[in-house]
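Participant: Model the following, please.
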Amino acid sequence: MQSELERRPERTPILKKAGAGLVLIVAAALAIHLVLSVAAAVFWTVITIAVVVAVLWALKTLIW
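Facilitator: Numbers count the residues shown, from 1 in each chain. From the prediction side, this is the model:
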């Protein structure tokens, strides 16, 4: 007879490991998507500001 202290640890079922791996992959994909979306938003904001400044400069140069 084995006492509770002598029990061998149970192995994690393969489906549980596969599920955990799938969760990690999905979480990593969402994190990467979020980072890329924020970077794209910053990029397009900077581009828009640059275009507006360029148009204002061009109008100022042509009109005055």
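Participant: Backbone torsions only: list them for Trp12.
Facilitator: Careful, residue 12 is Thr; it's not Trp. According to degrees, to the nearest 10, the main-chain angles of Thr12 amount to phi -70, psi 130.
Participant: count of residues packed around it?
Facilitator: A count of nearby residues for Thr12, using other CB atoms under 10 Å, gives 9. Placement of C-beta: from N, CA and C, glycine included.
Participant: Against Val51, how distant is it?
Facilitator: Taking CB to CB, to the nearest Å as the measure, Thr12 falls 55 Å from Val51.
Participant: likewise Lys17?
Facilitator: Between Lys17 and Val51 the distance is 51 Å, computed by CB to CB.
Participant: Then Ala28?
Facilitator: Computed as CB to CB, the Ala28 to Val51 distance reads 35 Å.
Participant: go on, Leu36?
Facilitator: 22 Å.
Participant: for Ile63, same thing?
Facilitator: Using CB to CB, Ile63 is found at 18 Å from Val51.
Participant: Mind checking which of those two has more residues around it?
Facilitator: Neighbours were counted for Ile63 and for Val51 using other CB under 10 Å; Val51 has more, 10 against 6.
Participant: Name the helix or strand for that one, please.
Facilitator: Here Val51 sits within helix 14-63, counting by DSSP states H and E.
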